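Colleague: 3D, please:
(2 chains)
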Protein chains: 2
Amino acid sequence: MPQTIRGYAAQSATQPLGPFRFERRDPRPDDVVIDILYCGVCHSDLHQVRNEWGGSIYPMVPGHEIIGRVSAVGATVSQFKVGDMVGVGCMVDSCQHCEACAHGLEQYCEEGATFTYNSTDRHDGSPTHGGYSERIVTAEKFVLRIPDGLDPKAAAPLLCAGITTWSPLRHWNIGKGSKVAVVGLGGLGHMGLKFAKALGAEVTLFTRSPGKEAEARRLGADHVVLSTDASQMKAVSSHFDFILDTVPHQHDLNPYLATLKLDGTLCLVGLLEPIDPPASAGQLIRKRRAVVGSLIGGIPETQEMLDFCAQHGIGADIEMIDIQDIDHAYERMLKSDVRYRFVIDLASLDKAA
Amino acid sequence: MPQTIRGYAAQSATQPLGPFRFERRDPRPDDVVIDILYCGVCHSDLHQVRNEWGGSIYPMVPGHEIIGRVSAVGATVSQFKVGDMVGVGCMVDSCQHCEACAHGLEQYCEEGATFTYNSTDRHDGSPTHGGYSERIVTAEKFVLRIPDGLDPKAAAPLLCAGITTWSPLRHWNIGKGSKVAVVGLGGLGHMGLKFAKALGAEVTLFTRSPGKEAEARRLGADHVVLSTDASQMKAVSSHFDFILDTVPHQHDLNPYLATLKLDGTLCLVGLLEPIDPPASAGQLIRKRRAVVGSLIGGIPETQEMLDFCAQHGIGADIEMIDIQDIDHAYERMLKSDVRYRFVIDLASLDKAA
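Modeller: Below you'll find the predicted structure:
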C-alpha cells in the first residue's frame, strides 16, 4: 500500500513552502524506490513554485536534482539493487516509442516527457512530486547511476544544471580546438566553464561584473571578457565557434552574436521570453551564424556526463542548506548570492518532525 | 586607355535612374572584359539606389545579375576566351587569403568582399559599377561560366536570387527525404521551390495569400499552407527539417518556428532588421531548433548551381524589360507585381542613344 512520506511543498503561488505529508505509490515492476539524501535547488523550482510560467499544480513538491540510495526495487528491475547510489533529474517518464525517445532524447518526447514534479503521471494520472522529500519512486529507465568517486552532494546539481550545459556542448561537438564562450556565471554557467575546459576547448567567460576574473579562472576560464567594455568586445569580434548563453532573463544577444565567427552558434538554455531586444538578422546572415536552443538532456547523455564527471573529478560548487531554509535560499538565489548551487540535505526533515 | 561606356545610374537617393556615361578600366592581366547582354533586377538594387541601407555611393550603376559575352581577356586569363557566355554575380573581388576565401566562401571574406556595385575596387580605389550598363571588366576568379543549354536571359537571376537560395539548401544538406518549406513566393522564393524540388525534397510553400496553389505547384511545391489559417498551421506542427524564409521585411517567425521538427532549422536570407516581433526562446529550446542566416553564396557553389540548372533545365521565371522602364519596374516590384524577376535587355541602351 502507498507510503505516506514527508516533504516540503508550496500550497499556492504566494505562500512560503512548508512541511507536507503525501503518498508515494507502491513500486510498479519497473520502479526503483529511492531514499533521498540530497536535492539541488534550481531557479526553475522558484519559477514553478510562484507560477511564473503558468500552469502550476498545487500542492507542489519541487526538486529535480535528486540524489539518494535505492531502498527497494520492482520485480523486473535489472540495473539497480538496494544500496546503490542513484540520481533522478528533470524527467521521470516519456512515451518511449517516438523518434526522440528512440534516440535517447526523452526531453524532446513528441508526446511530452513526464517531469519530476508539477507534472502528471502518464499511467495513473496522479501529480508528480519532486525531491524536496524523503523518498521517490521512479521507473528504472529514468534512474541514473552515480559512479563511485563522485561526491553525491556535488553530484546533485549535475542532474539539471550539469546536463543542461553538457548536452549542447556535446551536441555541437565542442572539444580540442573549439573556442567557447559562456555567458553568465551562475549554477549553469559555472558548470559550462568546467565542462568546456574539461572537453579541451579554449574557454572565455562573458560577464557584466568586473572582479570575477580569479573565480572564473579557478572554474576553467582561460579568458574573461567584460561585456560592458566595448574595446574588450571588439577584441573578440568574429572569434568564437560556440557561445553557451546561460542567462535566464531577457538581454541583448546582438553584442554576443558579433563575437561568433563564420558558422558560429549561440545556444540559449534560459527561457528569455521573448528574445527582446530582438536579434539582428544581419548579424546572422553576414557570417552564417545560428541562434539555437537546447533543453536539459536525455537519459543516456546524462549517464555519460556523470561518468565523465567521475573520471575528471568534476562536481558542482555547492552550499548545503536545511530544508527549513528553502525560502531564504530562494531569496538569496534571486540576488545571485550563491556559489553556485544550493543543495538541500534531506536529513534536515528530521528537525522539522 | 579606359573605355567610356553607356549605362543607367542613380545620381542621388531621390532621383529616378537615367542615362550615364562612365569609364571601365583597361583589363588587368587577370581580367575578363564582358559585353553585357542581360541584367536581372534585384530588390536590393532598389534598397541601395534609395540609400535604404545607408552608405550608398553616387552616381550608382546598379545590377549584380549580369550575363554577357567575353569580348577580351587579360594576359594571364586561362579559363575564358572571347565569345564565351559568362555571368557576374554580387561580388567581383575578395582578399583571397582568409579562411573563408580559402574555402570558396568569398561572400564571408574576413576583409569584406568587393561588391559588384556600390563598393570600392580594392586595387585602385575606384567605385564599382554594375550591370545596368553595356560592359563590365571583372577578375577571372569572379566570372561564372554559363553552360550550354541554359537560357542566358533566365540565367541572369540565378546569379543572386538563385545562389542565395541554393547555398543554404546545399549547406544544410537538403535532399531526398528532407521536408522543406519556403516562406514567400517572390524572386527568391520561386527559385527556392525549384531547387528544393530538384534536390529531391518534399516541398511546401507557406503563403499569406490564397490562390497561389496552382502556381506554387507548377514551380515545384508538393503542398501549399496558408499561414494565416491556424488549422493549416497546426497540421504542420513540428513537421519540417528546414524552412527557407525569403521574406525581405519584418514578420513574425514564431508561427513558422513551431512547424520545425526536432533539430529543424529556419534560415533567413532577407534582411528583416531586427527580428521583430521577437522570436521565442522557448520555440527554439523545446525542439533544439535553430534560426540561422545565409548570405548569397561563394563562387565555386555558384558555378555548381549553374551546372545543376543546366542539367535539370532550371531557370528563373522572368519578364524582360528595356532599361528605360527601370523606374516603372521598381514600382511594380514594390507591389510584388512581377513573376518573378525583371531582366533588363541591355540592347535597349541603343534606344536611348
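
Colleague: and the residue of the stretch 51-200 of chain A found nearest chain B, what does it touch?
Modeller: For the stretch 51-200 of chain A and chain B, the shortest gap (CB to the nearest CB) falls at residue A:108, measuring 5.1 Å. In this view, the C-beta of every residue, glycine as well, is placed from N, C-alpha and C. Shown in contact with residue A:108 (CB atoms under 8 Å, 6 or more residues apart in numbering or on different chains): A:100, A:295, A:298, B:262, B:286, B:287, B:288.

Colleague: got phi/psi on it?
Modeller: phi -110, psi 20 (degrees, to the nearest 10).

Colleague: pLDDT value on it, please?
Modeller: According to the prediction, residue A:108 has pLDDT 98.

Colleague: next one: residue A:351
Modeller: With respect to pLDDT, residue A:351 scores 87.

Colleague: and the helix or strand harbouring it, what other elements does it pack with?
Modeller: For residue A:351, the host element (DSSP states H and E) is helix A:349-352. Packing contacts for helix A:349-352, counted by 3 or more CB pairs under 8 Å, 6 or more residues apart in numbering or on different chains; DSSP states H and E, involve strand A:3-9.

Colleague: how far does the strand it packs on sit from its chain's centre?
Modeller: Centre-to-centre, strand A:3-9 and its host chain are 23 Å apart (CA atoms, centre = their mean, to the nearest Å).

Colleague: if you average pLDDT over stretch A:310-330, what comes out?
Modeller: 97.

Colleague: and that stretch, how far apart are its ends?
Modeller: 29 Å (CA to CA, to the nearest Å).

Colleague: list the buried ones in it?
Modeller: Buried residues in stretch A:310-330, counted by 16 or more other CB atoms under 10 Å in any protein chain shown: A:310, A:314-318, A:321-324, A:326-327, A:329-330.

Colleague: which residues does the helix holding residue A:351 contact?
Modeller: Under CB under 8 Å, 6+ apart, the answer for helix A:349-352 is A:6, A:7, A:19, A:133, A:134, A:322, A:323, A:324.

Colleague: check stretch A:76-85 too.
Modeller: With CB under 8 Å, 6+ apart as the test, stretch A:76-85 has contacts from A:29-32, A:67-73, A:86, A:140, A:143, A:145-146, A:152.

Colleague: out of those residues, which end up buried?
Modeller: A:30-32, A:67-73, A:86, A:140, A:143, A:145-146, A:152.

Colleague: tell me how far the lengthiest helix in chain A lies from the chain's centre.
Modeller: If each helix of chain A is counted by residues according to DSSP state H, the longest one is helix A:299-312. Put simply, helix A:299-312 sits 14 Å off its chain's centre (CA atoms, centre = their mean).

Colleague: pull the CA atoms of the next helix or strand after it into PDB?
Modeller: Proceeding C-terminally, helix A:299-312 gives way to strand A:318-322 as the next helix or strand, assigned by DSSP H and E. The C-alpha coordinates for strand A:318-322 follow below in PDB (Å, rounded to 0.1, in the frame of the first residue of the first chain):
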ATOM      1  CA  ILE A 318      27.600  23.900  -3.700                       C
ATOM      2  CA  GLU A 319      26.300  25.300  -0.500                       C
ATOM      3  CA  MET A 320      24.400  22.900   1.700                       C
ATOM      4  CA  ILE A 321      21.200  24.000   3.400                       C
ATOM      5  CA  ASP A 322      18.500  22.600   5.600                       C
END
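
Colleague: what is strand A:318-322 packed up against?
Modeller: helix A:152-155, strand A:341-345.

Colleague: residue numbers of the stretch 101-250 of chain A in contact with chain B?
Modeller: A:105, A:108, A:110, A:171, A:238 (CB under 8 Å from any CB of the partner chain).

Colleague: same thing but at 10 Å, please
Modeller: A:103, A:105, A:107-110, A:112, A:164, A:167-168, A:171, A:238, A:245, A:248, A:250 (CB under 10 Å from any CB of the partner chain).

Colleague: now the two most distant members of the residues you listed.
Modeller: Greatest spacing in these, by CB to CB: A:112 and A:238 (39.1 Å).

Colleague: ok, the residue nearest the centre of chain A - contacts?
Modeller: Note on chain A: the residue nearest the mean C-alpha position is residue A:160, at 1.9 Å, using CA atoms, centre = their mean. The contact partners of residue A:160, by CB atoms under 10 Å, 6 or more residues apart in numbering or on different chains, come to A:40-45, A:63-66, A:89-90, A:116, A:187-188, A:191, A:296-297, A:302, A:341.

Colleague: against which helices or strands is the longest helix of chain A packed?
Modeller: For helix A:299-312, the elements it packs on are strand A:85-88, strand A:144-145, helix A:152-155, helix A:161-171, helix A:187-198, judged by 3 or more CB pairs under 10 Å, 6 or more residues apart in numbering or on different chains; DSSP states H and E.

Colleague: wait, which of these is closest to residue A:334?
Modeller: Among these, helix A:187-198 comes nearest to residue A:334, with 12.8 Å by CB to CB.

Colleague: okay, the angle between the closest one and strand A:341-345?
Modeller: Helix A:187-198 and strand A:341-345 are oriented at 110 degrees to each other (axes from the mean of the first three to the mean of the last three CA atoms, to 10 degrees).

Colleague: helix or strand next in line after helix A:187-198, which one?
Modeller: Note on helix A:187-198: by DSSP H and E, the next helix or strand toward the C-terminus is strand A:202-207.
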